[in-house]
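Participant: Whatever this is, show me its structure:
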Amino acid sequence: MEPLNWIAAHQEMIYIVVLMIFVGIEVIGRVPSVLHTPLMSGANAIHGVVIIGAIIVMGQAEESNIPALVLGFLAVLLGTLNVVGGFVVTDRMLEMFKKKK
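Facilitator: Okay, here's the model as predicted:
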């Protein structure tokens, strides 16, 4: 399928993705800097959904489908790093508010 035919066939989906990008930029741009750390650590924790989806993709992929297995593995690896990083950032942020002994 030619690229132009693919774009024409998926035009609505492309519009939705572009609109989501602009809405995301506007929403993030209006968040006060004080709230960025808790929001980002919470958003990173949502990557648990990505990990589950990647595990499902890897489980459904045939053994001969190397690209699906590689992409699934990368998604699991990067999603796990993002989840762990989000919890580490949250823990460090909460440490700032504990009373010192």
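Participant: just checking, next helix/strand downstream of the helix or strand of the chain with the lowest mean pLDDT?
Facilitator: Sorting the helices and strands of the chain by mean pLDDT, DSSP states H and E puts helix 36-45 at the bottom, at a mean of 68. The helix or strand immediately downstream of helix 36-45 is helix 47-60, counting by DSSP states H and E.
Participant: where's Val70 relative to Val57, distance?
Facilitator: Distance of Val70 to Val57, computed by C-beta to C-beta, to the nearest Å: 11 Å. The way it works is simple: take the backbone N, C-alpha and C, and place the C-beta from them, glycine included.
Participant: Looking only at neighbour counts, state which of those two leads.
Facilitator: Val57 (17 against 12; other C-beta atoms under 10 Å).
Participant: Spatially nearest residue to that one (excluding sequence neighbours)?
Facilitator: Gly72 (4.6 Å; C-beta to C-beta, 6 or more residues apart in numbering).
Participant: so the one you found touches Ile51, yeah?
Facilitator: No. With contact defined as C-beta atoms under 8 Å, Gly72 does not count as touching Ile51 (10.2 Å).
Participant: And those two? Which one has more around it.
Facilitator: Ranked by neighbour count (other C-beta under 10 Å), Gly72 and Ile51 place Gly72 first, with 20 against 17.
Participant: What distance do you get for the more buried one to Leu94?
Facilitator: Gly72 sits 33 Å away from Leu94, going by C-beta to C-beta.
Participant: Let me see the domain layout of the protein.
Facilitator: Domain assignment for the chain, taken from automatic domain parsing, gives 1-30, 34-101.
Participant: any idea how far the longest one is from the chain center?
Facilitator: Which is domain 34-101. Going by C-alpha atoms, centre = their mean, to the nearest Å, the spacing between the C-alpha centre of domain 34-101 and its chain's C-alpha centre is 8 Å.
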